[in-house]
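> My questions concern the predicted model and sequence given below.
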Amino acid sequence: MKKITYLFLIILLLVGSICQASIEIERVVKFNDTHENTVIIPSRFGESFIDENTDLSALRNLEIHHVDLVYTSFKLAEGFDQQALNEQRMRKLIALLAQIGKKDPSWRAICQTGASTVEDAKTYFHGFILHVGANLNYESQAKFFESFQKKPSTKKVDNSKSTTLKFSSGTTIDIPTNAVVDKNGKPVKGKYDLVYQEFRDAADIVFSGIPMTYTSSGTEYNFSSVGMYEIRANQNGNELQLNKPIQIDFNATAVKDDVGFFKMDDNTGEWEKIEDIEFNKEAKIEGGFLNDIKEEEVGDEFVIQNVQASVTDSAYSWAYSDWNNHRYYILSSATFDDFLERLDVSKELAGKVVSMDKSIKHLKVELANGAEFNKEIGELYVGRWNNNMELGNMGMDNDMNATLLRGGGDAGHTYPKLVRGLNSPKFGVYNCDQIYRIGRAQNLTPTYVDAATGKEIKNKHVACVMDLTYNGAFSFSPNYVTCNVDGKNVILLFTKDKKTYMLDAEAFDKLGVDQNSRPVFAMTDMTDQLKSSKDLSQLLKL
């Protein structure tokens, strides 16, 4: 089916009031498409009739995510008002299904152009295709993806004392005395559990279920996050509330312009902007910052981020940090490329590398081998310096120990990603984000097949679109997804029994979705490979 898209304004009667909505039109010769998770409500050619005897029991406990109105362009008379007829049909559907007005699904009109006579037109399908499925709100998604998520940190807090909590990500939370109350507003006695979780890359975001769209003045924007967090509290299984704001010094994932601080409404999933964020580029972490954190609680991620802040990739530079009997190196691109050549020559040296991540130019070695690696990298640096001194293109000094842990190394090192004093007046989900609009958005109704067998994938639950040019992810009903044509799109599909499929960015790009809104997604079964957000992050090199 060939698709031509344009927009027109159509009047809808939603929840007793008149409003205008922009409806996409898809032109096809004859509509004959079928998809899983649909309910068909027929009409008749040239009439506003809707068969009210249609069995709607399939809609019980399901949400209507998208509605297609199918009609023919053939007219009995030149002056026939097709738009008015479509409006009548839509009003009748809304009257029949009040949940449409409450949930506000997406709409599309499918215009069939093949009929040339009345007899022809009467053989074409007319009516509505309702695309249905499970509720994809935050709470439902978080529960569905629970097994994929990182485990949150849980800390015991004495409500009678002011408390400072420090996390291995570099984030600090300050909680005042008697800040937490029960559902009746009474101060909690004794200790309670504070549960804290961060979502730092697109893999974390996919499995969080957190919505990544923001509406302001009637315009919908997408989020590109520099870090999100969720903070809750409970005592003996009972959810608690904040009586006083808490302050969070949040270690963001990047320093960017035009970042805002947002709070999500737990009931609606909508975001409220609290304030603009200005990164304090002089922010410093004091020596001994992590003295009270056990070594096993400090993961590689925090140590690596610490070192990354010390390296300018455009320069010939490198830095390291010592922690937990290992030395963590970050090298600039030129330094890393040179050192890889040295590893190729020396198998003995290469054998001492514990782990390597080429995407971020990272090496991890045992601390006992640190002096040897410093010497090897230092020799490269001196050699490059001697060769390039006249050009004046050398960067920062080599051998910079960026260790901030336990008071060692450069205790006054600049830590630009730290956002101080984020005010959190309630428990919930908070987000540090840039907002953007998709330049060329395309709505798709894909067919999903297993690339290995060629068979259609059944029992679809949710499709997730990750545009790797941004730090975010978006969940959709599988029958109607939106993508950025100019993006680097990865598609994930999850079935009701949690089978996991993926279409990578290269395969997606070859589909030419700007010319075909009903593509076939030949997806790879990744159920055995993708068990967690960490698996996905490593696979996509996030």
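Sure thing, it's come through. These numbers were taken from a predicted model, which means no experiment stands behind them. Residues are numbered from 1 along each chain as shown.

> gap between Gln422 and Pro245?
You called it Gln, but residue 422 is Leu. 10 Å (CB to CB, to the nearest Å). Using the backbone N, CA and C atoms, a C-beta is placed for each residue, glycine as well.

> For these two, indicate the residue with more neighbours.
Leu422 (20 against 15; other CB atoms under 10 Å).

> That one: helix or strand, and which one exactly?
strand 418-424 (DSSP states H and E).

> Kindly report the same for Phe373.
Assigned by DSSP H and E, Phe373 falls in helix 370-388.

> Then Lys75?
Counting by DSSP H and E, Lys75 is found in no helix or strand.

> Now do the same contact list for it.
Gln82 (CB atoms under 8 Å, 6 or more residues apart in numbering).

> where's the residue nearest the centre of the chain relative to Gln141, distance?
For the chain, Ala473 is the residue whose C-alpha lies nearest the centre (CA atoms, centre = their mean; 2.5 Å). Going from Ala473 to Gln141 by CB to CB gives 11 Å.

> so who does the closest residue to the residue nearest to the centre of the chain other than its chain neighbours touch?
Closest residue to Ala473 apart from its sequence neighbours, by CB to CB, 6 or more residues apart in numbering: Val206 at 4.1 Å. Contacts for Val206 (CB under 8 Å, 6+ apart) come out as 145, 464, 466, 473, 492, 533, 536.

> Report the beta-bridge partner residues of the third one.
Partner residues in beta bridges with Met466: Val490, with DSSP bridges as the criterion.

> all strands of the stretch 201-350 of the chain, in order?
213-216, 219-235, 238-239, 241-242, 246-251, 259-264, 271-277, 318-323, 326-331 (DSSP state E, counting those that start in this stretch).

> actually the stretch 51-200 of the chain, not the one I wrote
Going by DSSP E, counting those that start in this stretch, the stretch 51-200 of the chain shows strands at 63-72, 106-112, 127-133, 153-158, 163-166, 172-175, 180-181, 191-199.

> For those, give me CSV that also has mean pLDDT.
What follows is these, written out as CSV (pLDDT from 0 to 100):
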stretch, mean pLDDT
strand 63-72, 93
strand 106-112, 93
strand 127-133, 92
strand 153-158, 94
strand 163-166, 91
strand 172-175, 92
strand 180-181, 96
strand 191-199, 95
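
> now for those strands, which one comes closest to Ile360?
strand 191-199 (18.4 Å; CB to CB).

> Now the closest one - C-alpha only, CSV.
Extracted C-alpha coordinates of strand 191-199, given in CSV (Å, rounded to 0.1, in the frame of the first residue of the first chain):
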residue,chain,number,x,y,z
LYS,A,191,13.9,4.1,61.4
TYR,A,192,12.4,3.7,58.0
ASP,A,193,13.7,2.4,54.6
LEU,A,194,14.7,5.0,52.1
VAL,A,195,14.7,3.5,48.6
TYR,A,196,16.8,5.3,45.9
GLN,A,197,17.4,4.5,42.3
GLU,A,198,19.1,6.3,39.4
PHE,A,199,18.5,5.9,35.7
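
> Quick check: buried residues in it?
Buried residues in strand 191-199, counted by 16 or more other CB atoms under 10 Å: 192, 194-199.

> Based on its surroundings, how many neighbours for Asn86?
19.

> Good, we can wrap up now.
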